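In: everything below, folded, please.
(one chain, ligands or ions: 1)
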Amino acid sequence: MIDPAAVPSPADAGEEIHELMRELWPLPRSLTGDGLRQTLALVGRLFPLDIVETPSGTAAFDWTLPREWNIREAWIDDPGGRRVVDFRDSNLHVLHYSVPVRARLPLAELREHLFTLPEHPDRIPYRTSYYREAWGFCLSQQQLDELPDGDYDVCIDSTLADGQVTYGEAMLPGELEQEVLLSTYACHPSLANDNVSGIALTAVLGKYLERMPLRYSYRLLFGPGTIGPLTWLWRNEERLDLIRHGLVVSSAGDPGAPTYKRSRRGDADIDRAVTNVLRDSGGAFEVLDWSPWGGDERQYCSPGFDLPVGAFSRTPADRFPEYHSSADDLEFVRPQFLGDSFRLLLDVIDVLERNGTFLNLNPKGEPQLGKRGLYRSTGGGSSEETALLWVLSLSDGRHDLLAISERSGISFAEIAEAAARLREHDLLASATP
Ligand code: ZN
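Out: I've put the predicted structure just below:
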């Protein structure tokens with residue numbers, strides 16, 4: 001059980017996560033390279049994080065791991081020598097994975113390399129070109145509209161060369177060898193909800209999990225989207241049966257309602273646990289069925305692995321208007337919502353930790369609760385009593401506590417508490433050998 005005294009309040013956790021987000025924010029993250037490494041170094045201050053590097057060109061399943069990209073500067077000078085776009089102002093200003101360029105060219109030609117969001121003229125878009133060699137800049141439509149005709153000097157001082165694909169991996173050991181996987185992607189630059197929020201939330205969660213006694217072992221992964229999980233799956237294929245539950249965490253701090261996307265299995269324990277927690281959270285929420293698009297759950301749930309991994313977010317990444325633009329900033333993401341996500345994930349972990357299947361040891365007729373002091377209240381029908389009766393009624397070795405909570409409508413915490421009391425009175429025993 002998660003001891004509430006061992007974790008901060010949602011409000012304090014929200015502030016702590018937002019504080020870490022502010023530190024992570026400016027780092028020039030990309031699919032590979034030093035910005036990603038710096039990000040992992042910050043996370044590694046909170047708990048021991050192994051940095052795993054796999055060379056470019058390695059074949060991982062159907063993929064060839066990409067070259068490593070690093071960038072030092074990128075800018076555009078107008079015909080008057082004025083710097084009109086500078087990577088130092090925002091790391092969104094460059095098309096990620098741009099090949100190096102140093103050129104002087106007229107505006108008409110330069111325009112072919114400029115990306116804007118005409119429908120949001122004050123925002124800088126986020127664009128990548130991971131798998132096609134290109135160079136370019138991203139800027140607001142307003143900036144573009146102000147550019148005078150003439151010849152422009154452009155510079156992208158980048159390196160795209162054989163190097164490493166990097167991810168960070170932490171193992172927080174529990175009593176069991178079986179693992180809960182928490183995975184988030186760390187390849188987006190200064191974009192707050194998608195997905196600095198996911199990195200910071202998972203990191204702060206890991207910090208507190210590391211300090212508490214746990215039943216499961218917890219494996220935390222921070223890496224580039226798609227190729228990070230692919231590389232990890234490829235390197236760990238022979239031990240994947242240890243993964244009993246998993247979540248991909250992203251977009252965790254916007255004002256939208258919490259959203260859960262089921263694993264491909266659809267009825268895995270993690271699907272039931274998250275749905276149960278959201279049901280009893282007291283707020284609005286959405287549960288989506290599996291679909292083969294979205295985030296890293298696509299790799300974990302591909303049919304060759306079929307891991308029980310769902311996806312937790314608030315508004316899913318491509319469904320908020322600020323998505324992949326400079327409007328997805330530190331103001332858009334609020335401590336309040338980060339704290340709420342933190343609380344929900346801890347509640348899910350608490351369900352995973354405490355769930356189990358039990359046997360009623362007095363299944364012939366109801367046991368007499370009164371003589372055991374299990375009727376606490378004077379009148380019958382209190383919620384505590386109801387929970388006791390539900391646990392006794394369904395503990396036939398086929399219903400776990402989650403199923404009892406689902407069917408009774410009583411919160412998992414109350415059901416688990418009732419089961420604990422019945423065990424104390426030798427009315428219930430674990431059905432798992
Ligand atoms: Zn994204």
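
In: could you chop this structure up by domain?
Out: Using automatic domain parsing, the domain ranges for the chain come out as 4-66+164-354, 68-161, 357-430.

In: ends of the first one, what's the gap?
Out: Read it as domain 4-66+164-354. 14 Å (C-alpha to C-alpha, to the nearest Å).

In: the domains of the chain into CSV, with extra columns for mean neighbour count and mean pLDDT?
Out: Just so you know, the C-beta spots here come from the backbone N, C-alpha and C atoms, and that holds for glycine as well. CSV is the format used below for these (neighbours: other C-beta atoms under 10 Å; pLDDT from 0 to 100):
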stretch, mean neighbour count, mean pLDDT
domain 4-66+164-354, 20, 97
domain 68-161, 17, 97
domain 357-430, 17, 92
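
In: and the longest helix along the chain, what other elements does it pack with?
Out: In the chain, assigned by DSSP state H, the helix with the most residues is helix 335-354. Counting contacts by 3 or more C-beta pairs under 8 Å, 6 or more residues apart in numbering; DSSP states H and E, helix 335-354 packs against helix 10-24, helix 198-211, strand 243-249, helix 269-279, strand 309-313, helix 412-424.

In: got the angle for the fifth one vs helix 269-279?
Out: Strand 309-313 runs at 30 degrees relative to helix 269-279, counting by axes from the mean of the first three to the mean of the last three C-alpha atoms, to 10 degrees.

In: between strand 309-313 and helix 335-354, how many degrees?
Out: Orientation of strand 309-313 against helix 335-354 (the same axes, to 10 degrees) gives an angle of 160 degrees.

In: sheet-wise, list the partners of strand 309-313 with their directions.
Out: In the sheet, strand 309-313 lines up against strand 243-249 (parallel), strand 259-261 (antiparallel) (DSSP bridges).

In: I'd like these laid out as CSV, including distance to Val333.
Out: CSV is the format used below for the strands paired with strand 309-313 (distance: least, C-beta to C-beta, whole Å):
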stretch, distance to Val333
strand 243-249, 14
strand 259-261, 15
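
In: what segments of the stretch 251-400 of the chain are strands?
Out: Ranges of strands within the stretch 251-400 of the chain are 259-261, 286-288, 309-313, 357-360, 396-400, based on DSSP state E, counting those that start in this stretch.

In: helices and strands around the last one, which ones?
Out: Which is strand 396-400. strand 357-360.

In: and the spatially closest residue to Phe412 that is not a sequence neighbour, what helix or strand is that in?
Out: Closest residue to Phe412 apart from its sequence neighbours, by C-beta to C-beta, 6 or more residues apart in numbering: Ser405 at 4.4 Å. Assessed by DSSP states H and E, Ser405 sits inside helix 401-408.

In: contacts for that helix?
Out: Defining contact as C-beta atoms under 8 Å, 6 or more residues apart in numbering, one finds that helix 401-408 is touched by 269, 272-273, 276, 351, 354-358, 386-387, 390-391, 394-395, 399, 410-412, 414-416, 419.

In: would you map the helices across the stretch 1-150 of the chain?
Out: Taking DSSP state H, counting those that start in this stretch, the helices of the stretch 1-150 of the chain run over residues 10-24, 34-43, 107-110, 141-145.

In: for these, which one sits closest to Glu238?
Out: Glu238 lies closest to helix 34-43 among these, at 24.7 Å (C-beta to C-beta).

In: tell me the angle that closest one makes with helix 10-24.
Out: Interaxial angle of helix 34-43 relative to helix 10-24 (the same axes, to 10 degrees): 140 degrees.

In: which neighbouring elements make contact with helix 34-43?
Out: The helices and strands touching helix 34-43, judged by 3+ C-beta pairs under 8 Å, 6+ apart, are helix 10-24, strand 164-172, helix 198-211, strand 217-223.

In: swap the cut-off to 10 Å and go again
Out: Contacts defined by 3 or more C-beta pairs under 10 Å, 6 or more residues apart in numbering; DSSP states H and E place helix 34-43 against helix 10-24, strand 50-55, strand 68-77, strand 164-172, helix 198-211, strand 217-223.

In: using PDB, list the CA coordinates for that helix.
Out: Listed next in PDB are the C-alpha coordinates belonging to helix 34-43 (Å, rounded to 0.1, in the frame of the first residue of the first chain):
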ATOM      1  CA  ASP A  34      23.500  15.900 -26.400                       C
ATOM      2  CA  GLY A  35      20.200  17.600 -25.600                       C
ATOM      3  CA  LEU A  36      18.600  14.200 -24.900                       C
ATOM      4  CA  ARG A  37      21.700  13.200 -22.800                       C
ATOM      5  CA  GLN A  38      21.400  16.500 -20.800                       C
ATOM      6  CA  THR A  39      17.800  15.700 -20.200                       C
ATOM      7  CA  LEU A  40      18.600  12.200 -18.900                       C
ATOM      8  CA  ALA A  41      21.300  13.700 -16.700                       C
ATOM      9  CA  LEU A  42      18.700  15.900 -15.000                       C
ATOM     10  CA  VAL A  43      16.400  13.000 -14.500                       C
END
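
In: quick check: Ser302 vs Pro229, distance?
Out: The gap separating Ser302 from Pro229 is 10 Å, by C-beta to C-beta, to the nearest Å.

In: circling back to that earlier point, please convert the strands of the stretch 251-400 of the chain to TSV, extending it with distance to Ala203.
Out: TSV is the format used below for the strands of the stretch 251-400 of the chain (distance: least, C-beta to C-beta, whole Å):
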stretch	distance to Ala203
strand 259-261	21
strand 286-288	25
strand 309-313	15
strand 357-360	33
strand 396-400	31
